[in-house]
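> The following comprises the amino acid sequence and a computationally predicted model.
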Amino acid sequence: MKKIEPILDVKNLYTRFYTESGVVEALDGVNFDVGYGEPVGIVGESGCGKTVTSHSVLRILPKNGRILQPPSEIYYKGVNLLDLTDEQMRHVRGKEAAMIFQDPMTSLNPIFKISDQMIEVIQLHRKVNKNEARDIAIEMMEAVGIPDSAERIDNYPHQFSGGMRQRILIARALALQPSLLIADEPTTALDVTIQAQVLEIIKEMQKQFGLALMLITHNLGVVAEITKRVHIFYGGRVVESGPTEEIFVNPFHPYTKALFDSIPSLEQDKTRLATIPGTVPQLINPPQGCRFHPRCKYATEICRRARPPDMWVTETRRVQCHHWEELDLTIDKEKVKEVRKTAVSVEGV
Amino acid sequence: MSTPSIIEKLQAKKGKDARIKTKELEEDVVLEVENLAKYFKIPNPMDTTWFLVAFVASLVIFAFFKIIGLILIGLIILAYFIIPYIPPFNKRPKFVYLKAVDGLNLKIRKQKIVGLVGESGCGKSTAARTILRLLEPTKGSVYFRGIDINRLTSDELKEMRRYMQIVFQDPYASLNPRATAFDIISEPYIIHGVASGDEISINVLRLLKEVGLAPHHAYRYPHEFSGGQRQRIGIARALALEPDFIIMDEPVSNLDVSVRAAIIQLILKLQQKMGLTYLFIAHDLALVRILCDEVNVMYLGKLMEAGTSDEIFEDMKHPYTKALVSAVPIADPTKRSKKIFLQGDIPTPINPPPGCRFQTRCPLVSDICRAEDPKPKYFSKTHVVYCHNVEGGEDSPNAFE
């Protein structure tokens, strides 16, 4: 597979939070990239550093959060975002890289009309007058499927339902024609039938505008449906990354496998629901060595002592595990063969 | 327990006391819910905009013409109080009803896990609370072991609750932050006076072990536990009085994915070990698929479809069930489900329109759906569908005997 030039290339990202009870090692050497026009998933449980990653990229961390520099580097279109001034950073946020937050109920200001909130954002970043900005806003709202956009734009946020608000946030994010869209759990607060609608819109918009999408979620189903590549986070590190289709059938890291096994699917029987012993690690005092070792059934002495190297194990896949070569974690061998076959045929074309 | 239990006492009163209503249940049915409804009464406020406009205007007039202004202000205040009693304004209802649960029928069989699924706002949790009479039902009956609990006095109900317990959704809100795990788990024993002193301690430690906690956890406070551990305490509390029937109100939806599986395993283990019966409320269909023997699908306070897990997931009939199941994202990139996208949002359950509740979003909607409530159509003894557009089916489950 040809490697796609990354629009966002995060290298050795270390983010620390300084709190009263100690230093939280929220991100500990995170490496990942997002290609131009590529939908990428970031998966992990709560407290694994997914959201901190997105906030670090846009440099919107709270005051007690610090990105260690060196060695952290965040290249966006070849420019290290950590070297930019605050003023330059403001132009990146919104215009270049837009973000959709998890909770559509709190991301809109309840005391302003939707039109005010959209027009303000558009005028801030694009040289248009108020009427043009309004037209752009209405056009975007129509694109995300809000009926009667021209009238509803003058409504207040409380007059919209959760799904509609999330659509408005997507419209607002896309009105500035960003190249990168960061969606932080965009559908977690929504019901399944509404979630299906919103995901479809994100998928459509991604294709239509050729957006690079960084989709942060804990829902593996969502990842499987939307993304081409996925980065699995655990305890502030990326434990595994690679093409979605490969990781879902043939994970290399024991955590990835355990995560898949612990999630019920519509086609499973009771016996297959496996559990991961223990809980998500506290990042104030994280485990030594591999951060997954206290919960890993394959852990050995070296896992307790040394941090596993971040290795490219195939051209497209990367894994952080001492034992990845010895383990066979394939989920269903027949299926893997099938996927490989289709992958080969795609390459042939 | 040697003294006659409350159920025996109440059964003995049957026939003698008109207040006690009983029903012969099928042998393996623990709990039967019949036509249960819970309406919330909401004041229907008058539109006061015009009064305010007129009031402000008369204040302005008052600034220039004192007497005319005063008369106007008086008239407006008078009108404000009199108008609601003058026709046609007196026809406006003072209250509206939010029909959270509207005619729910359930049969819960012994040692089965019965699922109740639906999107948020469909009345799942209200149904759970109304079944246990934590909320007073508007109408309908809940027969637990043949006795209608909606007719009991509060003392009788309290004793009855020993046999029916609930585990709440939010493990952060359902435990008293000022009480230790020991206090929380021992409280049922103290309230019901079934154990004292050392007996309580022994039982609490046994329960802690049962739900996978260590004895030294007993004297910790809720904030010292993780979400999963708190939910274990909630489960231990529900188990304390050895109930037959437990309602699980979304017990894992606030937990992390990897912890979730462990709690599900615990719930299953306890069910098999103690022969418990669960009503499992969830919005996660995949979870219901693996966990439940029977599934009831609710939408806006009404049942849409009910049946065994296989019937619902393999042979679903109702358009809502089909859309709901197809909307679940599948964690397998090689498979793409054919999605049915529902139009629009879930409407409010305040003053719902007549006819099928799903009419506003249903792809198959026709005139009859807007006019009449769908009648139950049985496709097997357990599989019932409430939809006008589903062909076939019998009018009664007895047709399959």
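Noted; the coordinates are in hand.
> Run a quick neighbour tally on the nearest residue to A:Ile114 once chain neighbours are set aside.
Spatial nearest neighbour of A:Ile114, excluding adjacent residues (C-beta to C-beta, 6 or more residues apart in numbering or on different chains): A:Ile153 at 5.4 Å. For every residue, glycine as well, the C-beta is placed using N, CA and C. Neighbour count of A:Ile153, defined by other C-beta atoms under 10 Å in any protein chain shown: 21.
> Ok, the one 4 residues further on next?
By the measure other C-beta under 10 Å, the count of residues near A:Pro157 is 20.
> residue contacts, it?
The neighbours of A:Pro157, taking C-beta atoms under 8 Å, 6 or more residues apart in numbering or on different chains as the test, are A:108-110, A:114, A:165, A:168.
> which among these end up buried?
A:108, A:114, A:165, A:168 (16 or more other C-beta atoms under 10 Å in any protein chain shown).
> surely the first one meets A:Gln117?
Yes. Taking C-beta atoms under 8 Å as the definition, A:Leu108 is a contact partner of A:Gln117 at 6.3 Å.
> Secondary structure element holding residue 32?
I'll assume chain A. Using DSSP states H and E, A:Phe32 sits in strand A:22-35.
> wrong one, chain B
Per DSSP H and E: strand B:29-43 holds B:Glu32.
> Nearest the middle, which residue of chain A would you pick?
A:Ile216 (2.7 Å; C-alpha atoms, centre = their mean).
> Going C-terminal from the strand holding A:Phe32, what's the next secondary structure element?
Following strand A:22-35 in sequence, per DSSP H and E, is strand A:39-43.
> which residues sit against that next one?
Contact partners of strand A:39-43, identified using C-beta under 8 Å, 6+ apart, comprise A:32, A:34, A:50, A:53-54, A:203, A:206, A:212-218, A:220, A:222-223, A:226-233, A:244, A:259.
> Narrow the residues you listed to those that are buried.
A:32, A:34, A:50, A:53-54, A:206, A:212-218, A:220, A:222-223, A:226-233, A:244, A:259.
> What about the residues you listed, which are in helices?
Counting by DSSP state H, the buried ones among the contacts of strand A:39-43 place A:50, A:53-54, A:206, A:220, A:222-223, A:226, A:244, A:259 in helices.
> near chain B too, which of these?
A:220, A:222-223, A:244, A:259 (C-beta under 8 Å from any C-beta of the partner chain).
> Kindly indicate which of those lies nearest chain B.
The closest of those to chain B turns out to be A:Leu220 (C-beta to the nearest C-beta; 3.9 Å).
> where's the closest one relative to B:Pro243, distance?
From A:Leu220 across to B:Pro243, the span is 35 Å (C-beta to C-beta, to the nearest Å).
> ok, now A:Glu142?
54 Å.
> Also B:Ala399?
Taking C-beta to C-beta as the measure, B:Ala399 falls 35 Å from B:Pro243.
> Mind checking which of these two has more residues around it?
Neighbour count, other C-beta under 10 Å: between B:Ala399 and B:Pro243, B:Pro243 has more, with 19 against 11.
> how about the more buried one, what does it touch?
B:162-165, B:276.
> Select, from the buried ones among the contacts of A:Pro157, the two members most distant in space.
Spatial extent of these (C-beta to C-beta) is set by the pair A:Ile114 and A:Arg165 at 9.1 Å.
> Chain B contacts on the stretch 51-200 of chain A?
A:161, A:163-164, A:191-197, A:199-200.
> in the helix or strand hosting B:Leu208, what counts as buried?
Per DSSP H and E: B:Leu208 is located in helix B:198-210. Applying a neighbour-count criterion of 16+ other C-beta under 10 Å, one finds B:200, B:203-205, B:207-208, B:210 buried in helix B:198-210.
> and it, C-alpha only, in PDB?
Only the C-alpha atoms of helix B:198-210 are listed here, as PDB (Å, rounded to 0.1, in the frame of the first residue of the first chain):
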ATOM      1  CA  ASP B 198     -22.500 -10.000  64.300                       C
ATOM      2  CA  GLU B 199     -25.000 -11.500  61.900                       C
ATOM      3  CA  ILE B 200     -24.900  -8.300  59.800                       C
ATOM      4  CA  SER B 201     -21.100  -8.200  59.700                       C
ATOM      5  CA  ILE B 202     -20.900 -11.800  58.600                       C
ATOM      6  CA  ASN B 203     -23.500 -11.200  55.900                       C
ATOM      7  CA  VAL B 204     -21.900  -8.000  54.700                       C
ATOM      8  CA  LEU B 205     -18.500  -9.700  54.400                       C
ATOM      9  CA  ARG B 206     -20.000 -12.600  52.600                       C
ATOM     10  CA  LEU B 207     -21.700 -10.300  50.200                       C
ATOM     11  CA  LEU B 208     -18.600  -8.300  49.500                       C
ATOM     12  CA  LYS B 209     -16.800 -11.500  48.600                       C
ATOM     13  CA  GLU B 210     -19.700 -12.600  46.500                       C
END
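> Any buried residues in the host helix or strand of A:Ile136, and which?
Using DSSP H and E, the element containing A:Ile136 is helix A:130-143. Within helix A:130-143, the residues scored as buried using 16+ other C-beta under 10 Å are A:133-134, A:136-138, A:140-141, A:143.
> what do you get for stretch A:142-154?
A:143-146, A:149, A:152-153.
> Could you point out which of the residues you listed is nearest to B:Gly228?
Of those, the one sitting nearest to B:Gly228 (C-beta to C-beta) turns out to be A:Val144, at 37.2 Å.
> My guess is the residue nearest to the centre of chain A contacts A:Asp184. True?
Yes. In this structure, A:Ile216 is within contact of A:Asp184 by C-beta under 8 Å, at 4.7 Å.
> In contact with whichever residue of chain A sits closest to chain B, which residues are there?
Residue nearest to chain B within chain A: A:Gly221 (2.8 Å; C-beta to the nearest C-beta). Residues near A:Gly221 by C-beta under 8 Å, 6+ apart: A:265, B:328-331.
> Tell me the most packed of the residues you listed, by neighbour count.
Going by other C-beta under 10 Å, B:Pro329 tops those with 23 neighbours.
> Perfect, I'm done here.
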